[in-house]
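following is a predicted model, sequence given first.
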Amino acid sequence: MKHDSTFAQSGNTPEKEAHCAPALRRSLSEIVAEYDAKSEAIPAAIQTFNAAETAINAAGCIGGTYGSAVFSTAPSLYERDVRIALLRSAWKHVYEGLNIEAVASAKDRRQLDLKLTTPLPFTLENIAEVFGDYLLDPRFHVLKGLAECFCDLDPAYKNHSRVKIGVAGLPKRIIIQYATGWNSWGRERVKDTLNALRVYRGEARYSYREFEDVMDEAEKYGEADFCGGIIRVFKNGNAHLIFDKAGLLDINRGLAEFYGEVLPDAPTEAEAKRPSTEVARDLQFYPTPRKVAQTVIDALHLSGGESILEPSCGDGRIMDVLADWHNDPEDHRFRKPLVVTGVEYDAARAEQARAKGHHVMVANFLQVAPEPSFDVIVMNPPFYGRHYKKHLGHAVKFLKPGGRLACILPASAHYDHETTIGTWRDLPVGSFAESGTNVPTGYCLYWKPKQAATSAPV
């Protein structure tokens, strides 16, 4: 993102420009300069206000003798309030001027609303941090908005292998509860879903009045047309969104584009299906993003002193977060050190992890003889096909009775293949985007019985 640039565009029709093009006609540095100048001028402006108040009061009395109140309420002005108003105004001006709302998903817009309530200092660096990604990769955010809506509505949309052109199985109808009546949470969900489809098509979102007209018609006549099919409402408050052929095709295309393909960890599908523990020649590597690692580790509720195994640890991303957990400046004095061991087949990645101080064994995890000696296992096995099943089943054998395991997996492992163990939790849409895949993901949490089972649970 160029900090000192004007984000005006030309060559579009007025309608298209109103929807897609940023409306700023000044560079961001000029806007920041105006903000800084006005911020510096606030004390003088308050002095002017106080002087005016004194002059008005003086104009309403003779010789300082009080007659009656000039102001109906005592005027008050605080510098802090003026600064907050100026700061919020500056951020809102850039948010609207860059037309972030045209590409941000419904969830992102709500998060941005929260951020702009207590905004960061108004600097070029902070503007780039908050808004830069929306300008650099708007298509990602449009597709992410589509995926967030549909993944929340039906697990079928979480299966990256099913969401392809020509693949049957996507539901033509989705049901949204509590969609009718004022302030119904389902009503907002309907609006988000219809808007996600319109934004994907390059159209403007429904205005408040347009959406309410659609819902009013549906409630009055039982159904109404929307941009991708029809909506039917029922007396129980549910709404059924029934997609027409074009609507379903657009949903399919959008999700397929967003999810993309998961790289195989074998050169051919035949080799991928071979019942072997041999390591494939083209081993995939999707490093665990720090935010994902933090979420999964938090779910394990570590207390300190645990012996932890990370199979297929790569360059040590999860172990980095485990090290930070122990070194937390507020709590590290009260925590026993974790004993963390990684296993990684790729020698170069293992060396990268070792360079950061981690203990890593270079080996094919599937060929390491299991011994139930670990309190905790945290892992991110391959996503492709169902190879994770072998990794997960082998990992359980390393757990002590009463130990716990967290395993990151593609959502299809849970919703379609039913090969997860323990409890399942979805990760946010696009959690692995920085690692090169948008495949829906989640993680399972498993507590091994204190009395070991006679066979592996997978």
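Received it, and whenever you're ready, just let me know what you need. Numbering: from 1, shown residues only.

residue 98 contacts residue 132, correct?
No - using Cβ atoms under 8 Å, residue 98 is not in contact with residue 132, being 9.9 Å away. In short, each C-beta sits where N, CA and C put it, glycine included.

so where's the protein shaky on pLDDT?
Low-confidence segments of the chain (pLDDT under 70): 1-24, 159-170, 182-183, 261-284, 328-334, 384-385, 452-458.

so it: which segments form each domain?
With domains defined by automatic domain parsing, the chain comprises 14-136, 141-259, 290-447.

distance between the first one and the chain's centre?
Read it as domain 14-136. 28 Å (Cα atoms, centre = their mean, to the nearest Å).

where along the stretch 251-400 of the chain do the helices fall?
269-272, 290-300, 317-326, 347-355, 388-396 (DSSP state H, counting those that start in this stretch).

for residue 251, find the nearest of those helices.
helix 290-300 (25.9 Å; Cβ to Cβ).

helices or strands up against the closest one?
helix 317-326, strand 374-379, strand 399-410, strand 441-447 (3 or more Cβ pairs under 8 Å, 6 or more residues apart in numbering; DSSP states H and E).

looking at those, which is closest to residue 388?
With respect to residue 388, and counting by Cβ to Cβ, the nearest of those is strand 399-410 at 5.5 Å.

list the buried residues of the closest one.
399-400, 403-410 (16 or more other Cβ atoms under 10 Å).

now, among the residues you listed, which is nearest to residue 253?
Out of the buried residues of strand 399-410, the member with the shortest distance to residue 253 (by Cβ to Cβ) is residue 410, at 20.4 Å.

residue 443 is in contact with that closest one, correct?
No - counting by Cβ under 8 Å, residue 410 stays clear of residue 443, with 10.6 Å between them.

one step back: quick one: the helices of the stretch 251-400 of the chain as CSV, columns for distance to residue 309 too.
Shown next, in CSV, are these (distance: least, Cβ to Cβ, whole Å):
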stretch, distance to residue 309
helix 269-272, 25
helix 290-300, 12
helix 317-326, 11
helix 347-355, 14
helix 388-396, 8
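
quick check: which of the ones you listed is nearest to residue 80?
Across those, residue 80 has its closest neighbour in helix 290-300 (33.1 Å, Cβ to Cβ).

tell me the secondary structure at residue 174.
strand (DSSP: H, G, I helix; E, B strand; the rest coil).

then residue 68?
coil.

contacts only, for it.
Listed by Cβ atoms under 8 Å, 6 or more residues apart in numbering, the contact partners of residue 68 are residue 60.

any idea how far it lies from residue 411?
71 Å (Cβ to Cβ, to the nearest Å).

between residue 98 and residue 132, which is the more surrounded one?
residue 98 (21 against 16; other Cβ atoms under 10 Å).

just checking, what packs against the host helix or strand of residue 46?
Under the criterion of DSSP states H and E, residue 46 resides in helix 28-59. Judged by 3+ Cβ pairs under 8 Å, 6+ apart, the packing partners of helix 28-59 are helix 79-97, helix 124-136.

the same query, at a cut-off of 6 Å, please.
Counting contacts by 3 or more Cβ pairs under 6 Å, 6 or more residues apart in numbering; DSSP states H and E, helix 28-59 packs against helix 79-97.

so residue 211 sits against residue 192, correct?
No - Residue 211 is not in contact with residue 192 according to Cβ atoms under 6 Å; the separation is 10.4 Å.

neighbour-wise, which of these two wins?
residue 192 (21 against 18).

give me phi/psi at the most far-flung residue of the chain relative to its centre?
With distances taken as Cα atoms, centre = their mean, the residue sitting farthest from the centre of the chain turns out to be residue 63, at 66.2 Å. Note on residue 63: its backbone torsions stand at phi 60, psi 30 [degrees, to the nearest 10].

and if you look at residue 104?
phi -70, psi 140.

now do the same contact list for it.
residue 141 (Cβ atoms under 6 Å, 6 or more residues apart in numbering).

got a list of what residue 206 touches?
Going by Cβ under 6 Å, 6+ apart, residue 206 touches residue 195.

name the SS class of it, please.
coil.

how near is it to residue 443?
When residue 206 is compared with residue 443 (using Cβ to Cβ), they lie 35 Å apart.

just residue 340 next, same as before
18 Å.

and residue 417, by the same measure?
In terms of Cβ to Cβ, residue 417 sits 15 Å off from residue 443.

tell me which of the two has more neighbours.
The residue with more neighbours, out of residue 417 and residue 443, is residue 443; 25 against 15, by other Cβ under 10 Å.

show me what that one is bridged to.
Per DSSP bridges, the residues bridged to residue 443 are residue 408, residue 425.

so it makes contact with residue 408?
Yes - assessed by Cβ under 6 Å, residue 443 is found in contact with residue 408 at 4.7 Å.
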